[in-house]
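Visitor: Provided below for reference: sequence and predicted model.
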Protein chains: 2
Amino acid sequence: MDVNHQFRLASRPAGMVGREHFDYVEEPVPEPKDGQVLVKVLYISLDPAMRGWMNEGRSYVPPVAIGEVMRAGTVGRVIESRSEKLPVGADVSSWLGVQEYAVADASALLEIDTRLAPPPTYLGALGMPGMTAYFGLLDVGAPSEGETVLVSAAAGAVGSVVGQIAKLKGCRVVGIAGGPEKCAWIVDQLGFDAAIDYKREDVHQALREHCPEGVDVYFDNVGGEILDAALARLARGARVVICGAISQYNNIDSMRGPSNYMSLLVNRARMQGFVVVDYMSRYPEAMREMAGWISGGRLIAREDVVEGFERFPDALAQLFAGENVGKLVLRVADEQS
Amino acid sequence: MDVNHQFRLASRPAGMVGREHFDYVEEPVPEPKDGQVLVKVLYISLDPAMRGWMNEGRSYVPPVAIGEVMRAGTVGRVIESRSEKLPVGADVSSWLGVQEYAVADASALLEIDTRLAPPPTYLGALGMPGMTAYFGLLDVGAPSEGETVLVSAAAGAVGSVVGQIAKLKGCRVVGIAGGPEKCAWIVDQLGFDAAIDYKREDVHQALREHCPEGVDVYFDNVGGEILDAALARLARGARVVICGAISQYNNIDSMRGPSNYMSLLVNRARMQGFVVVDYMSRYPEAMREMAGWISGGRLIAREDVVEGFERFPDALAQLFAGENVGKLVLRVADEQS
């Protein structure tokens, strides 16, 4: 009988998340009941939001309970089916968590077309990060042609897509990323107009240089000092999209608030948050458009793949260290197997 | 020959503004030229924004220069006229600064009707604070009937009007103010549904009690801890109107940013700033509506009057100490004189 390995939440981190906050558990592979399928997980998604789900308290989703399998997005393959909806061999996207196998109701799984894009892309540009970029930029940021769009964590899963969509919409696009490799990638490969390396450059000065007319839309994935620098550079009527605050998620003390928020007043600007699941009914429309851009070569979807289920805690640490370029995923099993 | 007393900016304060930042100056009363009038100032407005105008640097208006008469809103009476537009005896509202007399182009002055409301009301509910309340609440906050509106500095010039307009629009209104007198006034006289005394109560707990469904519109005049408490209590889709941050204006260190700003994400909320002068073309419409409410007894306009031109620095200190109830004005001369 096969073994199902899992990472379960062992304790709630104060500060940086690490291996010690998870239990590595072995269980028998479960059996599907009527209407259910057994899925073999191929890829597990690593997302900044996972850190928030480990905290206690009210948020847009309940926290992961102690002892529960860590919540995560997954793509996998149906290997046993007791549902007519999903035959053995179907590839599916869902929230099966950090484990190698899972049983689920067939109706809770989204079948994906791996001829259109490879499986990990359904965790990236065609998954939650891509939807986040699409609706956050277009619906909340609402950029117009010719405007300047600034995005942080610009080489990440969300930021890299935000910048490319903004370019497709005729905007001037500036990305903030850490390190020369990421900066070169977003300018040379993704077509951003400029990149700011926050690890080497004075962000305030670089923003003056690259955004001479100010920032019309700032898509914030990081919070902290970079959010403050962007606020100081807003154009009149600017929109600040609050998507995340990865620089703050592992703080031991409370969050750092944006001390330049009165720039919203001076510049008649707004700062707005959103949660991508609110747009779920519009995912099919967005996925069709994004898949068209990808297959037409107008949108580059890149994944950064870490190999091996047992490396999940390391991969999560890499995410918060900002070491990935593109969407970070964990490969659990061979697609061809 | 008459003497014109003035307060001119002597130096830029670091921290709390005081008498030492102004020079008290005597000058001859100026003579109007063709098209101009000489105005005797009756009332000078004391506004939180004055503190910002004393700082160097970019804002929505240029700073007051060192040596310049301190900028202030005024109402006064024309005592000498070389313009057909404004006869001697006309009452006018304008930005004549902290001085007893001023010459101005007749076209730069707004004639006011003191049969409709007494002169100081044109610095309060029918002046900039009233316009700020009207457009900030209705245009930026956009409350709907039945929603919960929270306002800070609720017994102040802006906050007291915000709450009353929100009541007229059918909202549940909660005010935050300092001290039992202010709290009693906004509930008993102005008709707020509840008041929170931030000096005596735990604001977080009081918000849970008085805003059980959350806060749909928060009109922020204060910043700091109260802004954070309000953010923690937002309802889904809430609007936070950034009007001012009086708790932060006299800081020596940098502004305190709202560390609970990620509540904007969780609650799909927005935080938006505005500057009232952008609505100037719509002031007449708003003033007509507000004057109708005042004369109909549906909106109470209250001014807190400090007597004597030379007490300007004390009056400004009272404003930042939060000692006034209603609109704080300085009486410079007798209306009947």
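Guide: Everything's here; your move.
Visitor: show the contacting residues for A:Ala184.
Guide: A:Ala195 (CB atoms under 8 Å, 6 or more residues apart in numbering or on different chains). The way it works is simple: take the backbone N, C-alpha and C, and place the C-beta from them, glycine included.
Visitor: check A:Trp185 too.
Guide: Contacts of A:Trp185 by CB under 8 Å, 6+ apart are A:Ala155, A:Val325.
Visitor: how about the secondary structure of it?
Guide: Under DSSP: H, G, I helix; E, B strand; the rest coil, the three-state class of A:Trp185 is helix.
Visitor: A:Ala317 reaches A:Glu20, doesn't it?
Guide: No: assessed by CB atoms under 8 Å, A:Ala317 is found out of contact with A:Glu20, at 11.6 Å.
Visitor: which one of the two has more residues nearby?
Guide: Between A:Ala317 and A:Glu20, A:Ala317 has the larger neighbour count (other CB atoms under 10 Å in any protein chain shown), namely 17 against 10.
Visitor: endpoint to endpoint, stretch A:238-255 covers what distance?
Guide: 24 Å (CA to CA, to the nearest Å).
Visitor: before we move on, what about stretch A:286-306?
Guide: Using CA to CA, the two ends of stretch A:286-306 sit 27 Å apart.
Visitor: got the contact list for the residue of the stretch 1-150 of chain A found nearest chain B?
Guide: Closest residue of the stretch 1-150 of chain A to chain B, CB to the nearest CB: A:Tyr60 (5.0 Å). Applying CB under 8 Å, 6+ apart, we find A:Tyr60 in contact with A:Val275, A:Val277, B:Leu265, B:Val266.
Visitor: identify the residue spatially nearest to the residue nearest to the spatial centre of chain A, adjacent ones excluded.
Guide: The residue lying closest to the centre of chain A (CA atoms, centre = their mean) is A:Pro129, at 3.8 Å. Residue nearest to A:Pro129 in three dimensions, not counting chain neighbours: A:Ala157, with 3.7 Å by CB to CB, 6 or more residues apart in numbering or on different chains.
Visitor: where does the one you found land on pLDDT?
Guide: Looking at A:Ala157, its pLDDT reads 96.
Visitor: and it, how many neighbours?
Guide: A:Ala157 has 32 nearby residues by other CB under 10 Å.
Visitor: my read: it touches A:Lys327, true?
Guide: Yes: A:Ala157 is within contact range of A:Lys327, at 3.7 Å (criterion: CB under 8 Å).
Visitor: what do the two both touch?
Guide: By CB under 8 Å, 6+ apart, A:Ala157 and A:Lys327 have these common neighbours: A:Gly124, A:Ala125, A:Pro129.
Visitor: so of those, which ones are in helices?
Guide: Judged by DSSP state H, the subset of the shared contacts of A:Ala157 and A:Lys327 located in helices is A:Pro129.
Visitor: nearest to B:Ala230, of the shared contacts of A:Ala157 and A:Lys327?
Guide: A:Pro129 (31.1 Å; CB to CB).
Visitor: just the mean pLDDT for whatever helix or strand A:Gln6 lives in, thanks.
Guide: Assigned by DSSP states H and E, A:Gln6 falls within strand A:3-9. Across strand A:3-9, pLDDT averages out at 98.
Visitor: likewise for stretch A:326-337?
Guide: On average, stretch A:326-337 scores 89.
Visitor: neighbouring contacts of that stretch?
Guide: By CB under 8 Å, 6+ apart, the list of residues contacting stretch A:326-337 reads A:40-46, A:77, A:100, A:118-121, A:123-125, A:127, A:129, A:155-157, A:160, A:301-309, A:311-312, A:315, A:318-319.
Visitor: now do the phi/psi pair for the residue nearest to A:Pro129.
Guide: phi -60, psi -40 (degrees, to the nearest 10).
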